[in-house]
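S.K.: Sequence first, then the predicted structure:
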Amino acid sequence: MTGQEIRDMDLKYNLHSWSKQKGLKPLVITKAEGIYLWDSDGKRYMDMSSGQVNSNVGHGNKDIIEAIKEQADKYCFISPSLAVEPRAKLAKMVIDRMPDNMGKVFFTNGAPTPTKTPLRWPACIRGAIRS
């Protein structure tokens, strides 16, 4: 698809949050690597939203991609009521960094978290994501 075809389809079927919908002309992104994004015309941009959204470690991090693939082979989502190794290990890692009066952690299951958190646990545990 061309950049314009992608934009037209996007505007027809997607509601863009935090944006006035009339006259909206979103960038069509075709590539991402590290802190950069490229649009359909090949222009490079620094991704200034990644730190507040979901990819503050950069795009295309090979360690994270491999950890996600390994985890997806096992399961992509597990209910918070069930015990799983990645969540147990990550909880321990968090508590180990907290004051002595902190004994438990709750990984929220609201907003975009259900999608990204289970996939990030293996990368955190392997050290691909550092605090």
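M.R.: Received, thanks.
S.K.: least trustworthy helix or strand in the chain by mean pLDDT?
M.R.: The least trusted helix or strand in the chain, going by mean pLDDT, DSSP states H and E, turns out to be helix 113-126, with a mean of 57.
S.K.: burial count for residue 68?
M.R.: By other Cβ atoms under 10 Å, the residues close to residue 68 number 20. Placement of C-beta: from N, CA and C, glycine included.
S.K.: That should have said residue 33, apologies.
M.R.: Residue 33: 13 neighbours (other Cβ under 10 Å).
S.K.: Wait, it touches residue 59, no?
M.R.: Yes. Using Cβ atoms under 8 Å, residue 33 makes contact with residue 59 at a distance of 5.4 Å.
S.K.: For stretch 9-25, measure first residue to last.
M.R.: End-to-end distance for stretch 9-25, by Cα to Cα, to the nearest Å: 12 Å.
S.K.: ok, now stretch 25-41?
M.R.: 14 Å.
S.K.: Run the chain-centre distance for it.
M.R.: 16 Å (Cα atoms, centre = their mean, to the nearest Å).
S.K.: And for stretch 10-20?
M.R.: Distance, centroid of stretch 10-20 to centroid of chain: 20 Å (Cα atoms, centre = their mean).
S.K.: Now tell me what touches that stretch from outside.
M.R.: With contact meaning Cβ atoms under 8 Å, 6 or more residues apart in numbering, stretch 10-20 is reached by 21, 24, 26, 28.
S.K.: how about the CA coordinates for it, as PDB?
M.R.: Listed next in PDB are the C-alpha coordinates belonging to stretch 10-20 (Å, rounded to 0.1, in the frame of the first residue of the first chain):
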ATOM      1  CA  ASP A  10      -6.500   4.600   8.900                       C
ATOM      2  CA  LEU A  11      -8.600   7.700   8.900                       C
ATOM      3  CA  LYS A  12     -11.700   5.800   7.700                       C
ATOM      4  CA  TYR A  13     -11.500   3.000  10.400                       C
ATOM      5  CA  ASN A  14      -9.500   4.400  13.400                       C
ATOM      6  CA  LEU A  15     -10.300   7.000  16.000                       C
ATOM      7  CA  HIS A  16      -7.200   8.900  17.000                       C
ATOM      8  CA  SER A  17      -7.000   9.700  20.700                       C
ATOM      9  CA  TRP A  18      -6.100  13.100  21.900                       C
ATOM     10  CA  SER A  19      -6.700  14.600  18.400                       C
ATOM     11  CA  LYS A  20      -9.200  16.700  16.600                       C
END
